[in-house]
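Novice: okay, here's the prediction I keep looking at, along with the sequence it came from:
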Amino acid sequence: MKILEKSPALLPSWLRALTGGRKSPSAQDLAAQEPRHLTRLLPQVFDHRLLGKYRRICGFAADGTLPMTWPQVAAGPLHVAMFTDPAFPVPAMGIVHVRNRIEQLQSIADTEAVELTTWLARCETVDQGTQVQVVTEATVAGELRWRSELTALVRGKSKTKKEKSPQSAQVESPSLRSVMVHVPVDMGRRYARVAGDWNPIHQYAWTAKAFGFPRAIAHGMWLLGRVLAESGDDLPSYPRVCEVHFRRPVLLPSTVALRTFAQPHGGIGFALLSRDGQTRHLYGSVQAL
Amino acid sequence: MSPHRSERPLHADRAPKPLEVTPITPPPLTQRWRRAADFPAEGAKANRYTLPRSLESTSPVGYRTRVPLTRAEAAQALQLLSMTRPTGFAPSQLPVTEQELFEEASLGILSSRQSTNFRGHRQVSFGPEDSARIGHLLRSLRHLEAPVLDNAAYTHVILARPYRTPFTMLLTLAGHKPGLSLGSVPWRIYRKRFHYEDDIPSIGYLQHLHIGILADVSERATVLASGGHRRAQSLMAPFCGVGREANRPVAHALEELCGLTLAERHLGWRVGLVVQVGQALPGEEIDLETGTCRKIAANLMAFRSERIMPGVNAEEKAPPQYQTRQDMDVSEDLTLMAGRAAYNAFAHWTGVDRELSKKLLLLERIDVLTPGGKERLRGVRQQLNHVTDRLIADLPLWADLPTGKAFSRNAEKGRKAFALVGQRIYIGGLSRPEVEQAGLDWLMAVRAMGAAASRGTLVAELMGTVDLPADCDLLGGCCLMAGPVNQNDIGKQFYEVEDLLAQAYPGRTPTSLLVWTLKAKTMTDPIGNEEQLLNAARQGALVDLRVGPHEAVRLAQGGALQPMRKRDGKLNAERAFADVGNFAASPDGREILGNSGSAWPRAWAEKAVWPVSGSKG
């Protein structure tokens, strides 16, 4: 286990990522059950300026507590360092965020010192490629306050023919909120300056093209942050869990529609749709635990 | 501190005449139909009769539907159309929240009936301490039409500018002599730009008509947004006509408080109206139930011009239900109430008694369903078409040809905009000599005329929601226009055409100012008409009317002027009174993306805008 006093520098990690070649997981990687690449960042109070920028970029109101997505953003440099580690089973470049589960057990004041721990929990071959699951935990004075399971995919050649998802993605329940969100062309770079995620698929059209995207795509975590910031007053109280599925990338620039709606058993559901409502970019829910 | 009441008692013949609920009878079941617009089918092109897929707007309005009112609820709503001025304000007990102020602005400046494409009003709102200072300034004004009140909880200062749109650009080219136009057009442009002169007088009156409408709307907005607990005292006489001349220094001081820049002054922005708002005195609250209040408010968000009469003026490509006539009429009783509301408003804003109000307000009523009405309407249309023909024929070719005849095409389009369709049509105006003889300022009377017309039409709109059957969108609507009057004015100024009211009021030198049409029908206009005002991608320059709060309202806080609902990079996406849920949807209930909006963060919305002050204003 690595124990760090401060967040790792991003530049060396990204240089490693750029110079790192193609790799694929070994049988040992795929079979491993125990946590690997375990890293702990010793307790620290987050940089208020950076946190302010994050709140602003996503639209979170400054209410004295950490936004639900922030600990994961703060753990970003740890994740980048993990993904770019030569021993990490998949290449960092082109890795795509497909799913996330965030449990927020209790609020964390933005003045509290938070310890972050992260590890690779699983690496498996799936139909679309190789999938990894990274767990992150945030504790305050030894008490677990927040936990996340991030699932990311490195695309490979799919063995089965991809089934087209149903086109009509409109949510039929009446909206709690329905609002258009403009995602500017430089959103990826603006978010990267705050979150440190300089993955080329988010930066420019020409950098994204190298990984098979027609244009740069928005960060999934920014989209989720934007959704949660917009839904702030409707979220269930603590402890709560957010589950999100990232389905289709949001190309930059674009305007997407955010809809939230009440779930039958409490909490809210959300979906980010294309402007014409025909494509679902992400969907998920926030429920009381 | 005891509440201070103004000393002026309300003379009995100046008291507004109460309005009565006069519902519109729905047509037989076989003739009831709704808009029932749907999203375009996959691969099909969207048009004005299909629902837009999405709405991206900072305006509080959105695409709305009317909310049915019971007769009891309508009776509560009608109180708002015959209010007297408050005699004083009680000291404010509760702070004003941002949400209340947003809702008030949404019913007021952000949705006040204005001409398309005219962003002519801005509002700066001041808290109690500033209101006290403004109160001192206001007391030094001459030609005040009502007393300045103590204890104002807040004060809105409304800035207005002359009416300038692409239509007025076209007017620059009207009425020039061939051969001389190369010189006379630039001279006209110079006079318009630097001396605020208008091509025709009725364009100059538009600014004042709009201020009058906004003044009337603001009184209701205050009451509705506060559930009847607050009242508004609107003052506009010192800021127009002779009042403006006499009060330049004070008006200038108010404009400075509003942060008016030199560049804005050069564009003609000036203070046009001041609205003091305060806690209603005991006995002067308006009795409204909260639920009713919100239903009325949501309806006010939904009302918009209804231009189409099924079976009369729908275009060929319109769906069949727009092509079929409905056996409906705007009843005599309702027409009477609409007129009564107009006289109430004119008396209210000018301070004259009702009898004089009825004498001064010149209203020609055309009952279209009668043979005489048909004949009269034909005459009006012929006159307006004649003016349009002359206007197009006389446009200087040196300006029209290089623009691909854009000006003549624009003038041609006007014919459609001036369509006079409805069961009852009113042409409203004033006689300047008679107004001045009555001791009234002409421009102040023009403002009162705007208020009167909008209040009259509002009666028809409200009654169009009473006992509204589920198979109807509405039972009555209206369209308030200045276009026909402007067209007539072009004729008056350049082609020796007589005023629209000349036949009805011979020998009284009338000046027509507004036209409104009352329509009984069950189906609202296509949503494409609304979309022109809300969707920038659809109509480009036409999109102007539905402004966002950050564009039109500033709040004076901590010595600075903050745009309303622009904070931490976030702009308003809330639709006012969204809790009523009157949003347009497809027949199977699918929503227009972005239409119902997203509430402003509660922590910001529930915050007091200003601390409560105990000082007198």
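Specialist: On my side now, so go ahead. Owing to the predicted nature of the structure, the values given are computational and were not obtained by experimental measurement. Residues are numbered from 1 along each chain as shown, chains lettered A, B, ... in the order given.
Novice: which bits of chain A sit near chain B?
Specialist: Contacts of chain A with chain B, taken as CB under 8 Å from any CB of the partner chain, map to A:55-57, A:59, A:61-63, A:170, A:172, A:174-175, A:177-180, A:182, A:230, A:232-233, A:255, A:257-259, A:273, A:275-277. Placement of C-beta: from N, CA and C, glycine included.
Novice: tell me how many other residues surround the residue of the stretch 101-250 of chain B at minimum distance from chain A.
Specialist: Residue of the stretch 101-250 of chain B nearest chain A, by CB to the nearest CB: B:F102 (15.2 Å). Neighbours of B:F102 under the rule other CB atoms under 10 Å in any protein chain shown: 23.
Novice: for the chain, name the helix or strand with the lowest mean pLDDT.
Specialist: All of this is about chain A. Using mean pLDDT, DSSP states H and E, helix A:27-31 stands out as the lowest-scoring helix or strand of chain A, at a mean of 69.
Novice: actually it's chain B I care about, not the one you picked
Specialist: helix B:536-539 (a mean of 61).
Novice: following that one, which helix or strand comes up?
Specialist: helix B:549-552 (DSSP states H and E).
Novice: hmm, who's touching that next one?
Specialist: The contact list for helix B:549-552, computed with CB atoms under 8 Å, 6 or more residues apart in numbering or on different chains, reads B:58, B:60, B:102, B:105-106, B:109-110, B:119, B:121-123, B:563-566, B:571-572.
Novice: do that again at 6 Å, thanks
Specialist: B:A105, B:I109, B:R122, B:P563, B:M564, B:R565, B:K566, B:L571, B:N572 (CB atoms under 6 Å, 6 or more residues apart in numbering or on different chains).
Novice: again, but for stretch B:257-272
Specialist: Against stretch B:257-272 from outside (CB under 6 Å, 6+ apart): B:124, B:157-162, B:196, B:211, B:239, B:251, B:254-255, B:561.
Novice: buried ones in that stretch?
Specialist: B:L257, B:C258, B:L260, B:E264, B:G268, B:W269, B:R270, B:V271, B:G272 (16 or more other CB atoms under 10 Å in any protein chain shown).
Novice: which pair in those residues spans the largest distance?
Specialist: Using CB to CB, the two most remote members of these are B:L257 and B:G268, lying 18.6 Å apart.
Novice: report all helices and strands that the helix or strand where B:N385 lies contacts.
Specialist: Using DSSP H and E, B:N385 sits within helix B:371-394. Under the contact criterion of 3 or more CB pairs under 6 Å, 6 or more residues apart in numbering or on different chains; DSSP states H and E, helix B:371-394 touches strand B:362-367, helix B:406-417, helix B:483-494.
Novice: make CSV from those and add mean neighbour count to it.
Specialist: Below are the helices and strands packed on helix B:371-394 laid out as CSV (neighbours: other CB atoms under 10 Å in any protein chain shown):
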stretch, mean neighbour count
strand B:362-367, 20
helix B:406-417, 17
helix B:483-494, 24
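Novice: which one of those lies nearest to B:M449?
Specialist: strand B:362-367 (9.2 Å).
Novice: what strand or helix carries whichever residue of the stretch 51-200 of chain B sits closest to chain A?
Specialist: Nearest residue of the stretch 51-200 of chain B to chain A (CB to the nearest CB) works out as B:E56 at 3.9 Å. Taking DSSP H and E as the definition, one finds B:E56 inside no helix or strand.
Novice: my guess is it contacts A:V181. True?
Specialist: No: applying CB atoms under 6 Å, one finds B:E56 not in contact with A:V181, separated by 8.9 Å.
Novice: looking at those two, which has the bigger crowd around it?
Specialist: A count of neighbours by other CB under 10 Å puts A:V181 above the other of B:E56 and A:V181, at 21 against 18.
Novice: mind listing the residues bridging to that one?
Specialist: Legend: beta-bridge partners of A:V181 under DSSP bridges are A:V256.
Novice: so it makes contact with A:V256?
Specialist: Yes: the pair A:V181 / A:V256 is scored as a contact, 5.3 Å apart, by CB under 6 Å.
Novice: residues in contact with B:E364?
Specialist: Shown in contact with B:E364 (CB under 6 Å, 6+ apart): B:I427, B:L501, B:A504.
Novice: quick one: the nearest residue to it once chain neighbours are set aside from B:R365, how far?
Specialist: The shortest distance from B:E364 to any residue other than its chain neighbours is 3.9 Å, reached at B:A504 (CB to CB, 6 or more residues apart in numbering or on different chains). According to CB to CB, to the nearest Å, B:A504 stands 9 Å off from B:R365.
Novice: now the helices: where do they sit in the stretch 251-400 of chain B?
Specialist: B:262-266, B:290-302, B:332-350, B:354-360, B:371-394, B:397-400 (DSSP state H, counting those that start in this stretch).
Novice: any idea how far the second one is from the chain center?
Specialist: It stands for helix B:290-302. 17 Å (CA atoms, centre = their mean, to the nearest Å).
Novice: how about it as PDB, C-alpha atoms only?
Specialist: Output in PDB follows, covering the C-alpha atoms of helix B:290-302 (Å, rounded to 0.1, in the frame of the first residue of the first chain):
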ATOM      1  CA  THR B 290     -53.200  30.800  -1.800                       C
ATOM      2  CA  GLY B 291     -54.200  28.100  -4.200                       C
ATOM      3  CA  THR B 292     -56.400  30.400  -6.200                       C
ATOM      4  CA  CYS B 293     -53.700  33.000  -6.300                       C
ATOM      5  CA  ARG B 294     -51.300  30.500  -7.800                       C
ATOM      6  CA  LYS B 295     -53.900  29.300 -10.400                       C
ATOM      7  CA  ILE B 296     -54.600  32.900 -11.500                       C
ATOM      8  CA  ALA B 297     -50.800  33.600 -11.700                       C
ATOM      9  CA  ALA B 298     -50.200  30.500 -13.700                       C
ATOM     10  CA  ASN B 299     -53.000  31.600 -16.000                       C
ATOM     11  CA  LEU B 300     -51.400  35.000 -16.400                       C
ATOM     12  CA  MET B 301     -48.200  33.200 -17.500                       C
ATOM     13  CA  ALA B 302     -50.300  31.300 -20.100                       C
END
